[in-house]
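>>> 3D model of this:
(2 chains)
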2 protein chains.
Amino acid sequence: MRMSELSRQSATPVPSIKLYLREGLLPAGERRDPNQADYSQEHVRRLRVIRGLVRVGGLSIAAAKGVLDAIDSEMPLNDAFGIAQRAASVPVSRAEVDPVDLDSADELMHGWHCSPDGPGRLGVAQALRAFTAAGQQLDLAWLDTYVDAARRVAKADLDIVDSREGLTAKAETVVIGTVLGDALFAALRRAAQEHLSGERYRERASSSNTTQIVTDSGKELS
Amino acid sequence: MRMSELSRQSATPVPSIKLYLREGLLPAGERRDPNQADYSQEHVRRLRVIRGLVRVGGLSIAAAKGVLDAIDSEMPLNDAFGIAQRAASVPVSRAEVDPVDLDSADELMHGWHCSPDGPGRLGVAQALRAFTAAGQQLDLAWLDTYVDAARRVAKADLDIVDSREGLTAKAETVVIGTVLGDALFAALRRAAQEHLSGERYRERASSSNTTQIVTDSGKELS
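Next up, the predicted model:
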């Protein structure tokens, strides 16, 4: 198909497609003549992955390229996890993180074996520091809820990876799941906060922005 | 104190401080003479909040300003939740989201009362679409783990808000917790994935990036 048709089928504007081609996220089409290239269903699918990573996952073009290169390279799963985790994290070096916060992070995740310089450990230390720096006292029961929930979610993530057949499919699930799983969990957390805060504060608030979801059949979800 | 001292105490470079002043995130210091202003401990604390939101939370300057304005305004808690949720989410309008995906989101969160245009509901719909568009089959048990974990985390978030005394402290906890909670959970999920994938794949992999955390006392965490 031509680029106009690729744009239609993938719901991606032509200038974005040209950007992804130029930056190497999307492989070039097959050249028919100097002015025209031919694109396949593989290009449509790849564009959907790119837009998922960039628009929903919030990745930069460079970070999305790193993730796609990881999928293409068929690297070992541990390494693919590392690439995906780094791509989907604000870059931090250990020098930026206070050793006191690293101790707090290790204590919180006691028993977990993590790379000392991995985005998980450094990110936890940084987040703990950001909370206390912003004047928020850290509550132990609250932290334990986060740790327990993260462990359940991570176990479910790995079960899905295990269920995939073949290394490419496993690696693809690792990278897509790492990036998009953040977005899914963050959105679910917001929805749950809204639901639970409505339950707690609705009667107290004089005006509330919270509206009940009404399904298309007009029936209220209970 | 002068700006050089403010920079030292808050560990923030002077050009960043000037940017935050110019953009209205940081209130001006008290003018001593035309060339010099005086800053207080409140400025130090505020700069730490700003850096937490921008560097760890990954917010833009504009989004961080919205969050800080919400803290300053002492608005009702439901509204503060809404502001914080929007600031900490990639903006989405309902027109961008496929009604089919909204149905899937409502089904997944059945029984939750959410704003039809809230970032929670729209974000869940978008994330579900991104997964399927990227060729990932959605597994029901995996999704239920996410929903259940998000609900536990959101309940813990609200319990912390309830425990704070006074409306400003509650609102501050809402906005800081919404933004930084994403970063904390994402980092914990990465750490848990690394720990659990090490357990599962270590013996299978010929070379592993995963290293055990060794505490400063040289004792391995068990």
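>>> would you list every one of the strands in chain A?
Secondary structure of chain A by DSSP state E: the strands cover A:30-33, A:36-38.
>>> quick one: strands adjacent to the last one?
What that stands for is strand A:36-38. strand A:30-33 (antiparallel) (DSSP bridges).
>>> pLDDT on the partner strand, on average?
Mean per-residue pLDDT for strand A:30-33: 88.
>>> Please name the residues that touch the residue most central in space within chain A.
Closest to where the C-alpha atoms of chain A average out (C-alpha atoms, centre = their mean) is A:V179, at 2.2 Å. Applying C-beta atoms under 8 Å, 6 or more residues apart in numbering or on different chains, we find A:V179 in contact with A:52-53, A:57, A:59, A:67, A:84, A:87-88. Heads up, the C-betas are built off the backbone N, CA and C, glycines and all.
>>> can you list the residues that contact stretch A:3-12?
Against stretch A:3-12 from outside (C-beta under 8 Å, 6+ apart): A:1, A:13-14, A:17, A:29, A:37, A:39, A:43-44, A:47-48, A:51.
>>> Can you mark which positions in it are buried?
Within stretch A:3-12, the residues that count as buried by 16 or more other C-beta atoms under 10 Å in any protein chain shown are A:3, A:6-7, A:9-10, A:12.
>>> Take the residues you listed and write them to a markdown table, including pLDDT.
Converted to a markdown table, the buried residues of stretch A:3-12 look like this (pLDDT from 0 to 100):
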| residue | pLDDT |
| --- | --- |
| A:M3 | 94 |
| A:L6 | 95 |
| A:S7 | 95 |
| A:Q9 | 91 |
| A:S10 | 88 |
| A:T12 | 90 |
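>>> Among these, which one lies nearest to chain B?
Checking the buried residues of stretch A:3-12 against chain B by C-beta to the nearest C-beta gives A:S10 as the nearest, at 9.3 Å.
>>> Could you measure from that closest one over to A:I176?
17 Å (C-beta to C-beta, to the nearest Å).
>>> Could you list the buried residues of the helix or strand bottoming out on mean pLDDT in chain A?
Here the helix or strand of chain A ranked lowest by mean pLDDT, DSSP states H and E is helix A:77-87, holding a mean of 75. Buried residues in helix A:77-87, counting neighbours by 16+ other C-beta under 10 Å, are found at A:77-87.
>>> Stretch A:113-130 now?
Neighbour-count burial for stretch A:113-130, counted by 16+ other C-beta under 10 Å, picks out A:113-115, A:118-130.
>>> Output it as CSV, restricted to C-alpha atoms.
Only the C-alpha atoms of stretch A:113-130 are listed here, as CSV (Å, rounded to 0.1, in the frame of the first residue of the first chain):
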residue,chain,number,x,y,z
HIS,A,113,17.4,-9.3,44.7
CYS,A,114,17.8,-6.2,42.5
SER,A,115,20.6,-4.7,40.5
PRO,A,116,22.2,-2.0,42.7
ASP,A,117,22.1,0.4,39.7
GLY,A,118,18.8,-0.8,38.3
PRO,A,119,15.9,1.7,37.7
GLY,A,120,13.8,-0.2,40.2
ARG,A,121,16.0,0.3,43.2
LEU,A,122,17.2,3.8,42.3
GLY,A,123,13.7,4.8,41.4
VAL,A,124,12.3,3.6,44.8
ALA,A,125,15.0,5.5,46.7
GLN,A,126,14.3,8.7,44.7
ALA,A,127,10.6,8.4,45.2
LEU,A,128,11.0,8.0,48.9
ARG,A,129,13.2,11.0,49.0
ALA,A,130,10.8,13.1,47.0
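>>> for that stretch, what is the average pLDDT?
Rounded mean pLDDT across stretch A:113-130 is 91.
>>> ok, now stretch A:140-154?
For stretch A:140-154, the per-residue pLDDT averages 97.
>>> Residues contacting it, please?
A:108-109, A:181, A:185, B:145-146, B:148-150, B:152-153, B:155-157, B:159-160, B:181, B:184-185, B:188-189, B:191-193, B:195-196.
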